[in-house]
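Colleague: all I have is the shape, not the residue letters:
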């Protein structure tokens with residue numbers, strides 16, 4: 001019985017400490033919300049600036065994601081044509097086609113006979129009359145190959161093209177990888193440009209929150225001095241300002257989210273119309289739940305970090321004064 005009393009006392013102290021800790025945070029949160037509600041215009045203007053700064057890279061990320069989906073659809077039609085040597089027989093061509101079908105890097109294989117190839121050429125404008133004058137079919141057996149989705153990168157396509165070129169039955173392999181390389185280069189450049197823009201605008205948000213919190217600390221200097229005199233810790237002084245910074249970030253993130261949604265809604269119908277004209281099933285992707293979550297968390301963290309630096313700088317300056 002004597003040993004259980006200290007344990008119960010320790011549990012009560014621990015639960016009381018946690019309860020007081022959460023109560024202090026709740027009080028600091030309501031205090032920061034109350035401070036912001038007393039200056040609604042300044043709060044809205046600051047949140048609007050943060051929201052616009054965050055909306056630009058977010059919109060670019062979403063648009064780039066749509067471009068990647070569209071380019072992936074184009075890459076699904078990437079086709080290599082394998083022309084066999086003229087002395088290859090039908091049985092050899094079919095055996096090679098079946099062997100290529102088992103290749104894990106190849107998604108689809110289609111064998112084209114010389115007669116089928118000639119028929120396709122005759123259907124093209126301006127070629128039929130010329131081919132009718134030929135006594136013999138000059139076309140060889142051909143195999144069209146669609147690579148798997150994992151091999152649409154320029155490196156994978158080049159490697160697959162080299163493997164097909166090394167086959168003993170191969171005469172030539174027709175495929176132009178220049179457009180794929182240009183596409184991947186442009187996508188890489190766009191990714192890096194958006195990351196750089198996000199970094200610069202994120203620093204801008206930090207400076208905005210930093211200036212706002214610094215002005216708030218200077219405005220509440222007398223209150224901070226009183227808290228210091230009665231033994232308030234730096235953590236206690238810093239807490240409401242951190243919630244203020246987080247609130248600025250949250251409001252800015254919500255505004256950025258809505259701005260991006262409005263932008264996507266504005267261009268949705270024109271995008272669908274253009275896709276219909278090109279007989280495409282492409283649908284514009286919106287901002288997903290994960291993207292929204294990342295945006296809001298990032299905006300809150302930017303607000304917290306900006307407020308932390310502002311309050312820390314103020315406390316160090318008043319300490320040395």
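Modeller: Received the coordinates, thanks. Please read all numbers here as calculations on a predicted model, not as lab measurements.

Colleague: now do the strands in the stretch 201-321 of the chain.
Modeller: Counting by DSSP state E, counting those that start in this stretch, the stretch 201-321 of the chain yields no residue ranges for strands.

Colleague: name the residue closest to the centre of this structure, please.
Modeller: Nearest to the mean C-alpha position of the chain, counting by C-alpha atoms, centre = their mean, stands residue 61 at 5.2 Å.

Colleague: so it touches residue 195, yeah?
Modeller: No - in this structure, residue 61 is not within contact of residue 195 by C-beta atoms under 8 Å, at 9.4 Å. Just so you know, the C-beta spots here come from the backbone N, C-alpha and C atoms, and that holds for glycine as well.

Colleague: re the thing from before, show me what contacts the nearest residue to the residue nearest to the centre of the chain once chain neighbours are set aside?
Modeller: Nearest residue to residue 61, sequence neighbours excluded (C-beta to C-beta, 6 or more residues apart in numbering): residue 194, at 6.0 Å. Residues in contact with residue 194 (C-beta atoms under 8 Å, 6 or more residues apart in numbering) are 57, 60-61, 64.

Colleague: roughly how far does residue 162 sit from residue 105?
Modeller: For residue 162, the distance to residue 105 equals 12 Å [C-beta to C-beta, to the nearest Å].

Colleague: more neighbours, the two?
Modeller: residue 105 (15 against 10; other C-beta atoms under 10 Å).

Colleague: please report phi then psi for the more buried one.
Modeller: When read as degrees, to the nearest 10, the backbone of residue 105 gives phi -90, psi 0.

Colleague: which element is residue 51 on?
Modeller: If you go by DSSP states H and E, residue 51 is part of helix 40-75.

Colleague: and that helix, what does it pack against?
Modeller: Counting contacts by 3 or more C-beta pairs under 8 Å, 6 or more residues apart in numbering; DSSP states H and E, helix 40-75 packs against helix 178-219, helix 234-277, helix 289-320.

Colleague: where does pLDDT dip in the stretch 101-250 of the chain?
Modeller: Along the stretch 101-250 of the chain, segments meeting pLDDT under 70 span 118, 120-138, 149-155, 176-181, 232.

Colleague: if we go to 50?
Modeller: Of all residues in the stretch 101-250 of the chain, none has pLDDT under 50.

Colleague: what sits against residue 294?
Modeller: So residue 294 contacts nothing (C-beta under 8 Å, 6+ apart).

Colleague: so what's it scoring on pLDDT?
Modeller: As predicted, residue 294 sits at a pLDDT of 92.

Colleague: residue 167 against residue 96, yeah?
Modeller: Yes - if you go by C-beta under 8 Å, residue 167 and residue 96 touch, sitting 7.3 Å apart.

Colleague: comparing the two, which residue is more hemmed in?
Modeller: Of the pair residue 167 and residue 96, residue 96 is the one with more neighbours under other C-beta under 10 Å, namely 21 against 16.

Colleague: just the element for that one, please.
Modeller: Using DSSP H and E, residue 96 falls within helix 90-101.

Colleague: contact partners of that helix?
Modeller: Helix 90-101 is contacted from outside by 82, 84, 88, 106, 109, 111, 113, 141, 143, 145, 167, 169, using C-beta under 8 Å, 6+ apart.

Colleague: need those in a markdown table (columns: secondary structure).
Modeller: Listed next are these as a markdown table, based on DSSP: H, G, I helix; E, B strand; the rest coil:
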| residue | secondary structure |
| --- | --- |
| 82 | strand |
| 84 | strand |
| 88 | coil |
| 106 | strand |
| 109 | strand |
| 111 | strand |
| 113 | coil |
| 141 | coil |
| 143 | strand |
| 145 | strand |
| 167 | coil |
| 169 | coil |
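
Colleague: of these, which is the nearest to residue 300?
Modeller: Nearest to residue 300 among the contacts of helix 90-101 is residue 106, at 47.5 Å by C-beta to C-beta.

Colleague: got a list of what the closest one touches?
Modeller: Counted by C-beta under 8 Å, 6+ apart, residue 106 has contacts 100, 145-148, 160.

Colleague: before we move on, what about residue 298?
Modeller: Contacts for residue 298 (C-beta under 8 Å, 6+ apart) come out as 54, 202, 253.

Colleague: returning to what we had before: buried residues in the helix holding residue 96, which are they?
Modeller: Under the neighbour-count criterion of 16 or more other C-beta atoms under 10 Å, helix 90-101 has 93, 96-97, 100 buried.

Colleague: as a markdown table, those residues with pLDDT and distance to residue 246 would be great.
Modeller: Formatted as a markdown table, the buried residues of helix 90-101 follow (pLDDT from 0 to 100; distance: C-beta to C-beta, whole Å):
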| residue | pLDDT | distance to residue 246 |
| --- | --- | --- |
| 93 | 82 | 68 |
| 96 | 83 | 64 |
| 97 | 82 | 62 |
| 100 | 83 | 58 |
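
Colleague: which two of the residues you listed have the greatest separation?
Modeller: Applying C-beta to C-beta across those, the maximum distance is between 93 and 100, 10.6 Å.
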